[in-house]
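Q: let me see the structure of the following:
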Amino acid sequence: KVVVVGGGIIGSSIAYQLAKRGAQVTLCERERPAAGATSKSFAWINAYAGKEPDHYHRLNRLSTLAWREVERGLGDRLAVQWGGSLEWHSDSEAARALVEQTRHQQARGYPIYLVGQEEFVNLEPGLRPGASVEAAAWSTEEGNVDPVAATITLVDAAKSAGAEVLYPCEVTDLELSGRQLASVVTSEGPLDADTVVIASGVDTPSLA
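A: As a prediction, the model looks like this:
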């Protein structure tokens, strides 16, 4: 018996994966799915921008690949847009930095390429950069997703796999028997649990 606390993109994904594997899952969300940080996410799926040092880059690359695995399981319902991302600069110094960063990412094996003016226009025919493009780079495997819609899709998939979803349902305490978890105390009453997963964003420290 697993109680997952928090119905954002993380909690809903965990609930779905556990339920799919046969766990008895209850997902508790204080307000509604995707009510917290998830609804404010830019939802850019990438392992490029600011992903340093190397081990953090690798974690993000695995996460990007995991999105594709989840998409295969849920089909078009997840609605990920895999168009990649295009970055360009007109300032010479910024352009040089982009070229250097692109080479650095390529050395890691990341699928990113410098593109010329013709390919730039083909990739984004409706874009008018307003100044000459000194350097442009295309990260081919990146994507984006509507974070609220994706969370609701994952919640529905968790339900279909047998999970119980409770909201509004606030988790207020954890009851222990010795050093073992006994139950999860909620605004709707106690829930028996062998394991609790706290995925409640900025509220995690206070609950933990």
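Q: wait, isn't Gly83 in contact with Thr140?
A: No: contact criterion C-beta atoms under 8 Å: Gly83 and Thr140 do not qualify, at 9.1 Å. C-beta: built from backbone N, CA, C; applies to glycine.
Q: what does the longest helix anywhere in the chain rub up against?
A: Secondary structure assigned by DSSP state H gives helix 54-74 as the longest helix of the chain. Applying C-beta atoms under 8 Å, 6 or more residues apart in numbering, the contact partners of helix 54-74 are 13, 20, 45-47, 51, 78, 80, 108, 110, 141-143, 145, 153-154, 157.
Q: strands - which of these land there?
A: Judged by DSSP state E, strands contain the following of the contacts of helix 54-74: Ile45, Gly143.
Q: give me the buried subset of the contacts of helix 54-74.
A: 13, 20, 45-47, 51, 78, 80, 110, 141-143, 145, 153-154, 157 (16 or more other C-beta atoms under 10 Å).
Q: and which of these is nearest His104?
A: The shortest gap between His104 and any of the buried ones among the contacts of helix 54-74 belongs to Tyr110, at 8.8 Å (C-beta to C-beta).
Q: relative to Ile198, how far out is the residue of the chain positioned farthest from its centre?
A: Of all residues in the chain, the one whose C-alpha sits farthest from the chain's mean C-alpha position, using C-alpha atoms, centre = their mean, is Gly178 at 35.4 Å. In this structure, Gly178 lies at 20 Å from Ile198, with C-beta to C-beta, to the nearest Å as the measure.
Q: and the pLDDT at Ser206?
A: According to the prediction, Ser206 has pLDDT 87.
Q: surely it is within a helix?
A: Yes: counting by DSSP: H, G, I helix; E, B strand; the rest coil, Ser206 is found in a helix.
Q: can you map out the helices along this structure?
A: Under the criterion DSSP H, the chain contains helices at 9-20, 54-74, 92-107, 117-123, 147-160, 204-207.
Q: would you mark the buried spots in the longest helix of the chain?
A: Residues of helix 54-74 classed as buried: His57, Asn60, Arg61, Thr64, Trp67, Val70, Glu71, Leu74 (neighbour count, 16+ other C-beta under 10 Å).
Q: what of stretch 190-204?
A: Neighbour-count burial for stretch 190-204 flags Leu191, Ala193, Val196, Val197, Ile198, Ala199, Ser200 (criterion: 16+ other C-beta under 10 Å).
Q: the fifth one pairs with what?
A: Spelled out, it's Ile198. Beta-bridge partners for Ile198, by DSSP bridges, are Val5.
Q: got a list of what it touches?
A: For Ile198, the contacting residues are Val5, Gly6, Thr204, Leu207, Ala208, taking C-beta under 8 Å, 6+ apart as the criterion.
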